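Visitor: sequence and predicted structure, then a few things I'm wondering about:
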Amino acid sequence: MEPLRLDGTDLSPEIILDPGQHHFSITGVSRPEDVRSFYYPVIEWCNKLETEFVDTGKIKFDKEHPLKLTIQLKYFNSSSAKFLYDIFIVFGDISRKNQQVEIDWYYDEGDDDMLDAGKEMSDIAEIPFNFIENKES
């Protein structure tokens with residue numbers, strides 16, 4: 001499966017979805033002007049991963065090679081939240097198919113809003129997240 005790479009900007013996050021390298025990440029700020037156009041290819045790619053590769057057995061995620069999604073967002077707006085939720089739903093569906101899925105949600109020290117947002121996303125999508133605090137250096 002071809003990787004999906006979207007470069008980050010001041011308004012949109014960097015997204016890397018690369019099963020060959022076991023690298024799945026969303027990093028930066030998410031408030032694109034046209035959130036639907038930005039996230040639609042990402043959700044389409046995630047759905048394809050599930051239906052054409054996981055469901056058919058072409059890709060298997062296990063403890064040694066999990067599907068590990070790293071989220072390191074400094075900010076996301078409410079429009080982005082809906083699309084992030086859609087991504088987490090697909091990853092949750094993959095997890096419920098006996099695939100090893102891990103989601104690491106990073107938040108800055110003292111950023112309780114970002115921590116709470118991650119907890120809410122985890123609860124709504126019904127998939128556990130690992131919450132990792134970025135300590136000030």
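Guide: Structure's in. What do you need?
Visitor: and the lengthiest helix in the chain, how far out from the chain's middle?
Guide: Criterion DSSP state H: the longest helix present in the chain is helix 78-95. In terms of Cα atoms, centre = their mean, to the nearest Å, the centre of helix 78-95 is found 7 Å from the chain centre.
Visitor: packing partners of that helix?
Guide: Packing contacts for helix 78-95, counted by 3 or more Cβ pairs under 8 Å, 6 or more residues apart in numbering; DSSP states H and E, involve strand 23-30, helix 35-48, strand 67-76, strand 101-108, helix 112-125. Every residue, glycine included, has its C-beta placed from N, CA and C.
Visitor: for Leu4, find the nearest of these.
Guide: helix 35-48 (4.6 Å; Cβ to Cβ).
Visitor: so what touches the closest one?
Guide: Residues outside helix 35-48 that contact it (Cβ atoms under 8 Å, 6 or more residues apart in numbering) are 1, 4, 6, 12, 15, 17, 32, 77, 79-80, 83, 86-87, 90-91.
Visitor: put the buried members of these into a ChimeraX selection.
Guide: Per 16 or more other Cβ atoms under 10 Å, the buried members of those correspond to this ChimeraX selection:
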select :4,6,12,15,17,32,79,80,83,86,87,90,91
